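Colleague: build me a structure from this.
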Amino acid sequence: MNPVISDTKISMMMDFYSSAAAAHAFDGGVPDERIVWFDLSFRKDLRLGGFCITAGLEQFAEAIRSLSFDEEELSYLAAQGCPAAFTDYLRSLHFSCDIWAVPEGTPVFPNEPVVKVRGPAIQALLIETVLMQTMNYQSLIATKASRIVRAAQGRRVVEFGARRAQGASAAVWGARAAYIGGCAGTTCAKAAMMLGIPRYGSMTHNFVELFDSEYDAFKAYAKAFPDRCVLLIDTFGALDSGLPNAIRVFDEVLAPLGKRPVGVRIDSGDLAYLSKRVRRILNEAGYPDCDVIASNALDEHIIGEMIRNGARVDTFKVGEKLITGGDVSYFPGVYNFVAREKDGEAEPILQLSENVSKIVTPAPKLLWRLYDMETGKAVADLLTTEDEDVSRKKEYRLFDPDYTWKKKTVTNFVARQLLTPLFSGGECVYPFPALPEIRSYCAQQTDALWEEVLRFEYPHNYYVDLSQKLWDIKNGLIEKLRSDAAAQ
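Modeller: From the prediction side, this is the model:
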């Protein structure tokens, strides 16, 4: 029998080049004491809009706390050519990196350091894949959920994707991320049980078809769940069969018990049109408090169009286009080497890529968000070196790092440092909030963005500026590398 893959045993959950690079750096004389700096950031993808929502940090921390290598893993690495000195090092590995991160639920923008790692080169290389794996997936789903929830304009959105998720772990952690992004709950029992996410559910078409008639199925379900009765009305026709049978069961089964129905669900057809007809008929039958629930391959674009067409939907259940990321099949997260230390000083590192969008900002950095004190809205983000403190400034001169002639002086603002300590000397020092707190924080921080930034199509370009000092470091390195290349 093949072993079951565990989410908590992550020592070998890496691309082999990570272990190979670490092993041969070790064997090639790069001492483990060499301290390096890495940033996790993401690249621009217009399908995600102008910003993303961070998620997955707690699962990353849990994975790091369990980081160790057993003899089977060490033997495998040795057989792949890793030197004995390296496998001996892994055998007694004590994780000692310092890590800072933007709290889960924070809206972040392209090229910002979402996670910052400082530590021994070998350890910083070993954690690359698990960091990207946890943060990339959950950030993708949280971002998609945020878009869908905003499209629903205050109507309830429920994550409904476990059956379409790409594996059990994706179902659970996708439900978690969707909840952070604003979903009201999940239909995944495992996620609800493990994480305390509110659980939603209703009957299936298969259940209806088990009975001799739709009425018999509805009656059985109502008797079994009189306090949580949601009937699926489109198995044989929503208006001609399902809704009349549902109202009959509400009258004959629930009303004598003093119970009210929770909702009826439509899973096919013209959902906008049907929802309006169903709403009117329910109201006329004396059930204005019975929710109309819609499902069927929904996403933010379909939901937005339904609402523009006057749909009377109270709850949207969103499945495959949420749990898989829909039209965005991957999250564009990247892990970049930005500095190495010599004699206790951080030396900035820059890769001069032919693709300009891949040129990251070097050096250890701080990430500031500037809020207007009058409106509470975010004005801009600012990257600085670690020795710059913007929090006490009365005004600040911003300039576009690409078009430096575009400048703006900001006054009456408060600057908040977004990166917070996660690990110190290898020990987790961050008190993780409860999941509902992360969800509330996400909603508050998203609400602090201007409507123009929140647009799905062609969002306003929210500026992520560099301090003059950091801009000088980056452009000085670019000029030096170009000069060195020309001289060769």
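Colleague: which residue packs closest to residue 156, ignoring adjacent ones?
Modeller: Sequence neighbours aside, residue 315 is the residue nearest to residue 156 in space, at 4.2 Å (criterion: Cβ to Cβ, 6 or more residues apart in numbering). Using the backbone N, CA and C atoms, a C-beta is placed for each residue, glycine as well.
Colleague: and that neighbour, how far is that from residue 329?
Modeller: 27 Å (Cβ to Cβ, to the nearest Å).
Colleague: give me the more crowded residue out of those two.
Modeller: Between residue 315 and residue 329, residue 315 has the larger neighbour count (other Cβ atoms under 10 Å), namely 22 against 9.
Colleague: so that one makes contact with residue 157?
Modeller: Yes: counting by Cβ atoms under 8 Å, residue 315 sits close enough to residue 157 to count as a contact (7.5 Å).
Colleague: quick check: neighbours shared by those two?
Modeller: Counting by Cβ atoms under 8 Å, 6 or more residues apart in numbering, the residues touching both residue 315 and residue 157 are residue 184.
Colleague: what's the single longest helix in this protein?
Modeller: Ordering each helix of the chain by length in residues (DSSP state H) puts helix 128-151 first.
Colleague: check contacts around residue 183.
Modeller: Neighbour list for residue 183: 145, 148, 149, 157, 158, 159, 318, 322 [criterion: Cβ under 8 Å, 6+ apart].
Colleague: quick one: contacts of the helix or strand harbouring residue 116?
Modeller: Using DSSP states H and E, residue 116 falls within strand 115-120. Strand 115-120 is contacted by residues 32-40, 57, 60, 96-102, 124, 127, 131, 135, 364-365, 419, 422, 426 when judged by Cβ under 8 Å, 6+ apart.
Colleague: show me the protein divided up by domain.
Modeller: For the chain, automatic domain parsing gives the domain ranges 16-141+329-487, 202-314.
Colleague: how distant is the longest one from the center of its chain?
Modeller: It stands for domain 16-141+329-487. 15 Å (Cα atoms, centre = their mean, to the nearest Å).
Colleague: any idea of the mean pLDDT in it?
Modeller: Computed over domain 16-141+329-487, the mean pLDDT rounds to 90.
Colleague: which ones are touching residue 259?
Modeller: Counted by Cβ under 8 Å, 6+ apart, residue 259 has contacts 226, 227, 229.
Colleague: and for residue 323?
Modeller: 141, 159, 161, 162, 164, 165, 170, 171, 174, 175, 178.
Colleague: go again using 6 Å as the cut-off
Modeller: By Cβ atoms under 6 Å, 6 or more residues apart in numbering, the residues touching residue 323 are 161, 164, 165, 174.
Colleague: do the same with residue 414
Modeller: 371, 373.
Colleague: please report phi then psi for it.
Modeller: When read as degrees, to the nearest 10, the backbone of residue 414 gives phi -120, psi 130.
Colleague: distance of it from residue 463?
Modeller: 17 Å.
Colleague: please apply the same query to residue 119.
Modeller: Taking Cβ to Cβ, one finds residue 119 at 31 Å from residue 463.
Colleague: element containing residue 306?
Modeller: Using DSSP H and E, residue 306 falls within helix 300-308.
Colleague: what sits up against that helix?
Modeller: Helix 300-308 is contacted from outside by 147, 148, 151, 152, 272, 316, using Cβ under 6 Å, 6+ apart.
Colleague: please repeat the previous calculation with a cut-off of 7 Å.
Modeller: Helix 300-308 is contacted from outside by 147, 148, 151, 152, 153, 271, 272, 313, 316, 456, using Cβ atoms under 7 Å, 6 or more residues apart in numbering.
Colleague: of the residues you listed, select the buried ones using a ChimeraX command.
Modeller: Provided next is the ChimeraX selection string for whichever of the contacts of helix 300-308 are buried by 16 or more other Cβ atoms under 10 Å:
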select :147,148,151,152,271,272,313,316,456
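Colleague: and the nearest residue to residue 205 once chain neighbours are set aside, how many residues sit next to it?
Modeller: The shortest distance from residue 205 to any non-neighbouring residue, by Cβ to Cβ, 6+ apart, is to residue 235 (5.0 Å). Neighbour count of residue 235, defined by other Cβ under 10 Å: 20.
Colleague: assign residue 235 to helix, strand or coil.
Modeller: Classification of residue 235 using DSSP: H, G, I helix; E, B strand; the rest coil returns coil.
Colleague: pretty sure residue 184 sits against residue 157.
Modeller: Yes: Residue 184 is within contact range of residue 157, at 6.2 Å (criterion: Cβ atoms under 7 Å).
Colleague: could you pull out the helices in the stretch 51-200 of the chain for me?
Modeller: Here the stretch 51-200 of the chain has its helices, by DSSP state H, counting those that start in this stretch, at 57-65, 71-79, 84-91, 121-126, 128-151, 168-180, 189-195.
Colleague: nearest to residue 371, out of those helices?
Modeller: Among the helices of the stretch 51-200 of the chain, helix 128-151 comes nearest to residue 371, with 19.4 Å by Cβ to Cβ.
Colleague: which elements pack onto the closest one?
Modeller: On a contact count with 3 or more Cβ pairs under 7 Å, 6 or more residues apart in numbering; DSSP states H and E, helix 128-151 meets strand 35-42, strand 52-53, helix 57-65, helix 168-180, helix 300-308, helix 320-323, strand 333-342.
Colleague: and stretch 325-337, which residues are buried?
Modeller: By 16+ other Cβ under 10 Å, the buried positions in stretch 325-337 come out as 325, 326, 328, 331, 332, 333, 335, 336, 337.
Colleague: thinking again about what came up before, and of the contacts of helix 300-308, the nearest to residue 247?
Modeller: For the contacts of helix 300-308, the closest approach to residue 247 (Cβ to Cβ) belongs to residue 313, at 18.5 Å.
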